[in-house]
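>>> structure of the sequence below:
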Amino acid sequence: MELLQHASIGFFIVFFGTVFLTGELLVKAKGLFAVLGIAFMSLYFSYHIDSSAGLWILILYGVGLSLIIVDGKVISDGTIALLGALLMGLGLAVPTPSITYAILVVFGFILGMFAAGLFLKVFPRRKLWSKITLRDRMSGDLGYNSMNETYTELKGREGKTLTPFRPIGTIMIDGNEYSATSGGQWLEADEEVVVTDVDGTRILVKRKEQVKEKEEELDT
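As a prediction, this is how the structure comes out:
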């Protein structure tokens with residue numbers, strides 16, 4: 001396909017190939033996206049690689065794709081997936097005839113990975129990436145709700161500052177240490193404070209005497 005000698009065509013081939021391959025990893029498309037992605041990438045590699053260099057380039061790209069899948073299924077912290085994406089991008093850029101072509105191809109690859117996220121708005125999500133989403137990390141079965149409830153119970157409790165607040169520091173309540181904020185107020189260490197508000201895991205404290213003065217004003 002002689003059109004692939006043009007960098008712009010290579011950009012679109014890699015873009016669509018990446019969109020569909022990444023989409024297959026993100027959503028349940030019954031294998032259709034995998035077929036389309038493989039077709040686009042096969043077209044790209046068949047034009048750009050020769051028999052002598054082709055094998056290790058394909059291996060580089062394949063290893064990168066495998067690392068992304070392994071990260072989603074086993075490790076789930078995104079680090080190995082990032083390495084995999086770098087290897088895939090390198091595998092795409094190496095066989096290109098010029099630096100301009102390589103830059104466009106890598107750009108098409110990166111853009112394609114992000115564009116594949118649009119499939120999540122239409123197709124059902126795969127469970128492959130559920131472990132590294134913030135929503136699932138904060139789910140009740142991992143203890144987030146129970147931790148949130150514990151922090152909520154601190155409202156109205158008295159404690160003491162362990163560090164200066166500028167305006168964030170550490171307080172001690174019943175032998176337990178918590179990170180807290182005093183809002184716009186600066187506090188020194190060893191001051192008596194009261195928890196006036198809790199928002200999730202954000203603890204707001206005020207000086208004990210200020211809280212009592214305010215309560216007395218409300219009573220009068």
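>>> same for the longest strand seen in the chain, what does it pack against?
Counting residues, the longest strand found in the chain (DSSP state E) is strand 192-199. On a contact count with 3 or more Cβ pairs under 8 Å, 6 or more residues apart in numbering; DSSP states H and E, strand 192-199 meets strand 158-161, strand 202-207, helix 208-219. Any C-beta I mention is one placed from the backbone N, CA and C, and that applies to glycine too.
>>> closest to A116 out of these?
Nearest to A116 among the helices and strands packed on strand 192-199 is strand 202-207; the distance by Cβ to Cβ comes to 34.6 Å.
>>> quick one: low-confidence ranges for the chain?
For the chain, applying pLDDT under 70 flags the ranges 1, 51-54, 72-78, 127-149, 220.
>>> what helix or strand is I171 located in?
Assigned by DSSP states H and E, I171 belongs to strand 168-173.
>>> now do the buried residues in the longest helix belonging to the chain.
When the chain is scanned for its longest helix (criterion: DSSP state H), the result is helix 7-26. Using 16 or more other Cβ atoms under 10 Å as the test for burial, helix 7-26 gives 7, 9-11, 13-26.
>>> buried stuff in whichever strand or helix holds M88?
Taking DSSP H and E as the criterion, M88 maps to helix 79-93. The neighbour-count check on helix 79-93 (16+ other Cβ under 10 Å) flags 80-81, 84-85, 87-89, 91-93 as buried.
>>> identify the residues contacting it?
With Cβ atoms under 8 Å, 6 or more residues apart in numbering as the contact definition, helix 79-93 has outside contacts at 14, 44, 57-58, 60-61, 63-68, 70-72, 102-103, 105-106, 109-110, 113.
>>> just checking, next helix/strand downstream of it?
helix 99-115.
>>> got the angle between that next one and helix 7-26?
30 degrees (axes from the mean of the first three to the mean of the last three Cα atoms, to 10 degrees).
>>> pull helix 99-115 out as PDB, backbone CA atoms only.
Coordinates of each C-alpha in helix 99-115 appear next as PDB, following Å, rounded to 0.1, in the frame of the first residue of the first chain:
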ATOM      1  CA  ILE A  99      12.000  11.500  12.300                       C
ATOM      2  CA  THR A 100       8.900  13.400  11.100                       C
ATOM      3  CA  TYR A 101       7.200  10.100  10.300                       C
ATOM      4  CA  ALA A 102       8.200   8.700  13.700                       C
ATOM      5  CA  ILE A 103       6.900  11.700  15.600                       C
ATOM      6  CA  LEU A 104       3.500  11.600  13.800                       C
ATOM      7  CA  VAL A 105       3.200   7.900  14.400                       C
ATOM      8  CA  VAL A 106       4.000   8.200  18.100                       C
ATOM      9  CA  PHE A 107       1.500  11.100  18.400                       C
ATOM     10  CA  GLY A 108      -1.100   9.000  16.600                       C
ATOM     11  CA  PHE A 109      -0.500   6.100  19.100                       C
ATOM     12  CA  ILE A 110      -0.800   8.400  22.200                       C
ATOM     13  CA  LEU A 111      -3.900  10.100  20.800                       C
ATOM     14  CA  GLY A 112      -5.400   6.800  19.900                       C
ATOM     15  CA  MET A 113      -5.000   5.500  23.500                       C
ATOM     16  CA  PHE A 114      -6.800   8.500  24.900                       C
ATOM     17  CA  ALA A 115      -9.500   8.500  22.200                       C
END
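>>> quick one, domains of this structure?
Domain assignment of the chain by automatic domain parsing yields the ranges 2-137, 144-219.
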